[in-house]
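Undergrad: Structure for this input, please:
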Amino acid sequence: MKEEICSSELLAQKLQHINSLFQLARRTLDSNDSSIFMDEVIDLLGAGAQMTQECENLRQRIDVDLYQKSSKYYDLVAHK
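TA: So this is what the prediction gives:
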């Protein structure tokens, strides 16, 4: 992942992936054969939790970037 891609688009993309994982887990648990897929559902939920943490980290970086850009000193420092 490139540092310059830190944007709301990347956050939206990660959130869409998380949503897809949770929909897949829900469909699996709702199926008649859910018990045979329990390990896979647990793995999916673990991946979703990891992606959620990545989204939080990305959100924090976006917040810092926005805060810095809103500073009255940003233009002075950014052009040096």
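Undergrad: switch to C-alpha atoms for all contacts and neighbour counts from now on
TA: Fine.
Undergrad: What helices and strands are in contact with whichever helix or strand residue 64 is part of?
TA: Using DSSP states H and E, residue 64 falls within helix 38-70. The contact analysis (3 or more Cα pairs under 8 Å, 6 or more residues apart in numbering; DSSP states H and E) places helix 38-70 against helix 8-30.
Undergrad: Run through who's touching the helix it packs on.
TA: 34-35, 37-38, 41, 44-45, 48, 51-52, 55, 58-59, 62 (Cα atoms under 8 Å, 6 or more residues apart in numbering).
Undergrad: Name the spans of this structure whose pLDDT lies under the cut-off.
TA: Residues of the chain meeting the criterion pLDDT under 70: 1-6, 74-80.
Undergrad: Spatially central residue for the protein, please.
TA: residue 55 (2.9 Å; Cα atoms, centre = their mean).
Undergrad: which residues sit in contact with that residue?
TA: Residues near residue 55 by Cα under 8 Å, 6+ apart: 11, 14-15.
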